[in-house]
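1. Using only what follows, build the 3D model:
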Amino acid sequence: MYKMYAVDPRARINLGIRRRLAPLMENDLDRLKLMNSLLLSMPGSPIIYYGDEIGMGDNIFLGDRNGVRTPMQWTPDRNAGFSRCDPQRLFLPPIMDAIYGYEAVNVEAQRREPSSLLNWMKRILAVRKSSQTFGRGRLSFLRPGNRKILAYLRELDNEAVLCVANLARSAQPVELDLKRHRGRVPVELLGRTAFPPIGDLPYMLTLPAHGFYWFRLATDVEVPHWHEERLAREDLPMLVLFDGWLSFFRERVVPWRIGMAEKLRKQFEQEVLPRYLETQRWYAGKGEPITQVRLIDHVLWESGEHCWLLALIEIEGTAGRDVYFTPLALAWGEADDERIRGLAPATLAKVRQKANVGVLADAFAEESFCRAVVDTVGGGREFPFAHGSLRFSPTQAFAQIVGKGISGLPVTRPHALSSNTVVTLGERLFLKGYRRVRPGVNPEVEVGRFLTEVAHFPNCVPVAGTVEYSAGEGSTMTLALLQGYVSNQGDGWSYTIEYLKRFLEQSRDTPPSPEIHGGYLALMQTLGTRTAELHLALAQSTGDPNFDPEPVAATDIAGWKTRVREEAVSALDHLERRLGEIAAPMHNDANALVNQRKPLLARIDASPASVSKALKTRYHGDYHLGQVLLTKNDFAIIDFEGEPARSFEERRRKHSSLRDVAGMLRSFNYAHWTALRQAGEIGGDISKFAPLLLSWEHDVRRAFLDSYEKATRDSGLYASFEDAQALLHLFELEKAFYELHYELNNRPTWADIPMRGIVALAGLV
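-> Numbers count the residues shown, from 1 in each chain. Reported below is the predicted structural model:
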């Protein structure tokens, strides 16, 4: 049987080009993929002649057009599976070439091979079908300087797809003028990988021989978390100093310069700081107007030949007031030319003092500052602020963690993570600077010290020291945390999503074997054991009232149920207020959940959550796959800050360790739905993936819980794991409501995941 896809008259020329070039290209899979990518990215409906999808080629010795009319190569069996008749009775013989004949190239074999041309064609056709831009959008060619690169845009309404193809037999670079799409994030459509955002400069890409990219230029995708802007802004303000750092402080200059100091301080607080803060990833108030910025406390910290301004800045906006830690550095003239280049991405302003010109920049971008922090933590020194004091404190493990030869360790550029800035020194030290700081005992510092110095828990990141600010009234704020560096293969979330992506890709055409998840389940068993060991470490009685375990009382259970109910009411109220902003089809699910408020709250009230005997202890507080690092087929647990929406006091409160277990179970559910969402984004029928992922989640939950239960059996954390099941279920529901509130505030398009979780956990079908 011959087959051919539907054609569009406008695309018929593609068929002729394809068949004429075929004899030159059948021996090169990369060139076949390149040519098909060009064909499928052109306007109209592409033609794919039968056999092109497996690269079976032609018999050029048959003459006329018969060379392209040989039997389709379905299997390696008789007559290529095209017919069971006597081979002599075939109108044309099948291709019997040793390399391209039916025994080597056939549909049956390529269905089993995930990387085959057939499976690649299915994937790229699914991608093409996911957007109308390919078939209906306008085509505009770019003109890069490298003529070996073909680049063009397909655009329809506000959607844009960038197609880039390397026509050469060797790797090629290219720079593309995409500034009219400035700010968009290119997302590679086959792998769904986000690339750095487009800026004003030419966009640089490199392509392998006969390689190609299809990018969706997205406006709804976040910039990759690892991306940092490396160029200084050209429109930086200029600050005119007259006495170095002292120029900012009226009380520290001679009387006739007080007016100059006040004017400079005003420019610094009203112009320089707001412009800088609004561009920083760690600034929490993005999109909200800054009404006032004030420098509320500071110290001039000298180390060797350098002097830095360690500043605490109060920012007032529509959402309230927050305090940020902002260490600053000055670099001057030609003598500091290398420093100035290194500080360029973190520059706040240009500075001038008489004939000297320099820059004012974030000190975390300076290697000497980071090394000085480490050295000073080891020395355990204290410095006076204007209205408080700054204390550098080492832990008992400082010498063991830090070792010797700090000056020789390479310092990475700062990376912004949430409200923190992270710098690494070689593969030995991890320096975290807290930007948005709060008064009180930081749980990450407190728990990290306990696990490092008291419990000696080996599967966490060890704490080497801290930098803390003590205000005049006695409150404390943690400014920086120094930890040991843990070599790793990435966090559990990234590993899981990539694993599921590969699993679904392999399952598109081939049913998965029953043992396919064996390796991943073994990892989850290890994770269950490490989670249990963490909870046992935190349940030790050491005489420290902040950590010693306490028995769970009936009043605790009642209070926990009340808290879950309050979380549910808050989330449902928020969902109801946002109903008008939620688009279909999620709107129907949201509306149904709001209408189920009464039975949902009734189920919480009637929950049989109770335990005959259990302990409440300190616990992680925000436990999920993103908080564990995979290292040598084991896990290191990180980030004990707790849920960011809760106060320090609430995060430090003792609770059931089952809240961590519930958080990890919810993370498995998030991975399930995220993988299904990503599979749907590239098109195709994903209905068969849903039961596969549901089965995966069930298996992973069971592996994790069985391992956790085995490691905590007879530990006293609870009388029995069976006795604690109702309580665990209640905590899962609480976490799902917390997630719903978070997603509505931060990622509304993701709110369907916690909504599905709530419906499933509450039994509302």
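2. which secondary structure element contains the most centrally placed residue in the chain?
-> Centroid check for the chain by Cα atoms, centre = their mean gives His225 as the closest residue, at 5.9 Å. No secondary structure element spans His225, as it lies outside all helices and strands (assigned by DSSP states H and E).
3. Report all helices and strands that the helix or strand Arg449 falls within contacts.
-> For Arg449, the host element (DSSP H and E) is helix 443-449. Applying 3 or more Cβ pairs under 8 Å, 6 or more residues apart in numbering; DSSP states H and E, one finds that helix 443-449 makes contact with strand 463-471, strand 476-484. Using the backbone N, CA and C atoms, a C-beta is placed for each residue, glycine as well.
4. Let me know which of those strands is the nearest to Lys129.
-> strand 476-484 (47.5 Å; Cβ to Cβ).
5. Each with direction, which strands does the closest one pair with?
-> strand 429-434 (antiparallel), strand 463-471 (antiparallel) (DSSP bridges).
6. For Arg436, give me its contacts.
-> Counting by Cβ atoms under 8 Å, 6 or more residues apart in numbering, Arg436 makes contact with 282-284, 322-324, 419.
7. Could you tell me the per-residue confidence at it?
-> Per-residue pLDDT puts Arg436 at 92.
8. can you pull the pLDDT of the closest residue to it other than its chain neighbours?
-> Spatial nearest neighbour of Arg436, chain neighbours left out: Ser419 (4.1 Å); criterion: Cβ to Cβ, 6 or more residues apart in numbering. Note on Ser419: pLDDT of 76.
9. For the closest residue to Val454 other than its chain neighbours, which three-state class applies?
-> Distance criterion Cβ to Cβ, 6+ apart; nearest residue to Val454, sequence neighbours excluded, is Thr542 at 5.6 Å. Here Thr542 is recorded as coil under DSSP: H, G, I helix; E, B strand; the rest coil.
10. you'd agree Thr542 is up against His456?
-> No - counting by Cβ atoms under 8 Å, Thr542 does not reach His456; the two are 11.5 Å apart.
11. just to revisit the earlier point, could you dump the strands paired with strand 476-484 to a markdown table with distance to His587 and mean neighbour count?
-> Converted to a markdown table, the strands paired with strand 476-484 look like this (distance: least, Cβ to Cβ, whole Å; neighbours: other Cβ atoms under 10 Å):
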| stretch | distance to His587 | mean neighbour count |
| --- | --- | --- |
| strand 429-434 | 39 | 23 |
| strand 463-471 | 46 | 22 |
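12. Pro173 and Ile296: what is the separation?
-> Using Cβ to Cβ, to the nearest Å, Pro173 is found at 49 Å from Ile296.
13. actually Ala645, not the one I typed
-> For Ala645 relative to Ile296 (Cβ to Cβ), the value is 25 Å.
14. So for those two, which sits in the more crowded spot?
-> Ile296 (15 against 11; other Cβ atoms under 10 Å).
15. Specify the beta-bridge partners of the closest residue to that one other than its chain neighbours.
-> Nearest residue to Ile296, sequence neighbours excluded (Cβ to Cβ, 6+ apart): Glu314, at 4.8 Å. For Glu314, the beta-bridge partners are Arg294, Val323 (DSSP bridges).
16. was I right about Glu314 contacting Arg321?
-> Yes - between Glu314 and Arg321 there is a contact under Cβ under 8 Å: 6.0 Å.
17. So which of the two has more stuff around it?
-> Glu314 (15 against 11).
18. quick revisit: now for the helices and strands packed on helix 443-449, which one comes closest to Ile149?
-> strand 476-484 (44.4 Å).
19. got the residue ranges for the helices in the stretch 1-150 of the chain?
-> Under the criterion DSSP state H, counting those that start in this stretch, helices of the stretch 1-150 of the chain are mapped to 12-25, 29-40, 107-112, 117-129, 133-136.
20. Dump those to CSV, plus mean pLDDT and distance to Ala554.
-> Shown next, in CSV, are these (pLDDT from 0 to 100; distance: least, Cβ to Cβ, whole Å):
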stretch, mean pLDDT, distance to Ala554
helix 12-25, 37, 75
helix 29-40, 89, 65
helix 107-112, 89, 60
helix 117-129, 90, 56
helix 133-136, 92, 61
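21. Thr631 is nearest to which of those helices?
-> Across those, closest to Thr631 is helix 117-129 (Cβ to Cβ), at 32.2 Å.
22. would you list the strands paired with strand 476-484 in JSON lines and tack on distance to Ala711?
-> Putting the strands paired with strand 476-484 into JSON lines (distance: least, Cβ to Cβ, whole Å) gives the following:
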{"stretch": "strand 429-434", "distance to Ala711": "28"}
{"stretch": "strand 463-471", "distance to Ala711": "24"}
